[in-house]
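# Let's see this in three dimensions:
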Amino acid sequence: MALAAVLSACAAQPRPNVQAAPGAGATPIPPAYQFLYGSGEAGALQLTAFHALIAYAKDKAAHRPAQSVVLAAGSPLREAKFVPCGDKPLAVVFDVDETMLLNLGFEARAATGRPYRQAEWSAWERTGIRQVAATPGAAHAMEDLRKAGVTPVLNTNRAAANADTTVAALKGAGLGDFAHGETLFLQGDDSDGPRKDGRRAKIAARYCVIAMAGDQLGDFSDRFGEPMPVAERRQLAIHSSAAGLWGKGWFVLPNPVYGTALKGGLDDAFPADKRWSPAP
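Below is the predicted model of the structure:
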């Protein structure tokens, strides 16, 4: 999900304390940035997600499913219903930012304390073509899916007005060719703003979507973005119909830097009856 859609909501939240590890570079950066953009652990998680997705998609390509993994219009997450596949060609739908592309140039500025500005993100979409990198595993996934006869389709909140430079950034990162309105769907393609369900519906009307991948729950359903307490949203993700889809049609990549996951306080994460203190 593009930064433009989520950082405005997260801007008021405090950044993690900046910590420098022993032997680190001269400029310390927050732990979340260390993890996502610099750690082997994040790279391993990203590779794990793409390896699992490729294996799942290849199996579905060999054993065609009757239903896609896109929720039918109006379907709740509990007892969910899905768009039927029919004889539509197979596709996998991906988010772009921090799913397919790592926005290294933009995030290097954010990591050193520069506040998010919408105008700068728009400029980044237009000019940050070479300062990105493919997420570990993404290029391999594109190659394997295409060889298996499965079309990669992107659904991102990057702006439709910047379609050409987004296409160039993807190609320059080794992810192949994408065509706006065919295999690339952007914010501004409809009147729903950052909500993605409308674009997902258009994609599912053309393709049998056998898998989806993203770094935000909104990359799978707008239902996760409806107003609700943090604890309720977590329960919706792990106890509704969604629970059976993680790793089996829906694949999540790590993003501790920005987005809809960064909400809640101590009580949301740590129930009172689970707190512990050492004996006096």
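
# what's the neighbour count on residue 235?
By other CB atoms under 10 Å, the residues close to residue 235 number 13. Every C-beta, even on glycine, is put in place using the N, C-alpha and C of the backbone.

# show me where the stretch 101-250 of the chain has strands.
101-102, 133-134, 151-159, 184-187, 208-214, 250-252 (DSSP state E, counting those that start in this stretch).

# want to throw those strands into TSV with mean neighbour count and distance to residue 225?
TSV is the format used below for those (neighbours: other CB atoms under 10 Å; distance: least, CB to CB, whole Å):
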stretch	mean neighbour count	distance to residue 225
strand 101-102	23	22
strand 133-134	18	27
strand 151-159	23	12
strand 184-187	24	14
strand 208-214	26	13
strand 250-252	22	15
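
# Can you tell me which of these is nearest to residue 266?
Closest approach to residue 266 among these is made by strand 250-252 (24.2 Å; CB to CB).

# neighbouring contacts of the closest one?
49-50, 52-53, 56, 69, 211-215, 217, 220, 242, 246 (CB atoms under 8 Å, 6 or more residues apart in numbering).

# Out of these, which one has the lowest pLDDT?
pLDDT across the contacts of strand 250-252 is lowest for residue 242, at 93.

# number of nearby residues for the residue lying closest to residue 140 once chain neighbours are set aside?
Take residue 140 and drop its neighbours on the chain: the residue closest to it by CB to CB, 6 or more residues apart in numbering is residue 50, 6.7 Å away. Using other CB under 10 Å, residue 50 has 24 other residues around it.

# Over to residue 181?
11.

# same question, residue 279
Residues within reach of residue 279, counting by other CB under 10 Å, total 3.

# Not counting residues beside it along the chain, what's closest to residue 124?
Excluding the flanking residues, the one nearest residue 124 by CB to CB, 6+ apart is residue 106, at 4.6 Å.

# let me redo that: residue 102
Closest to residue 102 by CB to CB, 6+ apart is residue 133, at 4.9 Å.

# List the residues that contact the one you found.
Residue 133 makes contact with 101, 102, 104, 173, according to CB under 8 Å, 6+ apart.

# among these, which two are most distant?
Farthest-apart pair in these is 104 and 173; separation 10.4 Å (CB to CB).

# can you pull the contacts of the residue nearest to residue 124?
3, 120, 121, 124, 128, 131.

# Which pLDDT value does the model give the last one?
Read that as residue 131. 98.

# Isn't it up against residue 101?
No - judged on CB atoms under 8 Å, residue 131 makes no contact with residue 101 at a distance of 10.3 Å.

# sorry, back to before: sort out for me which of the contacts of strand 250-252 are in helices.
Using DSSP state H to define helices, the subset of the contacts of strand 250-252 located there is 49, 50, 52, 53, 56.

# Buried ones in stretch 62-80, by neighbour count?
Across stretch 62-80, burial judged by 16 or more other CB atoms under 10 Å covers 65, 68, 69, 70, 71, 75, 77, 80.

# Please apply the same query to stretch 88-106.
Those buried within stretch 88-106 under the rule 16+ other CB under 10 Å are 90-103, 106.

# Let me know the closest of these to residue 158.
Nearest to residue 158 out of those is residue 96 (CB to CB; 6.2 Å).

# which residues sit in contact with that closest one?
By CB under 8 Å, 6+ apart, the contact set of residue 96 is 2, 154, 156, 158, 166, 170.

# Just the residues contacting stretch 81-89, thanks.
Contacts with stretch 81-89, where a contact means CB under 8 Å, 6+ apart, come from 64-72, 75, 151, 201, 204-209.

# and with 10 Å instead?
Residues from elsewhere that reach stretch 81-89 (CB atoms under 10 Å, 6 or more residues apart in numbering): 60, 64-75, 149-151, 200-201, 203-210, 241, 245, 249.
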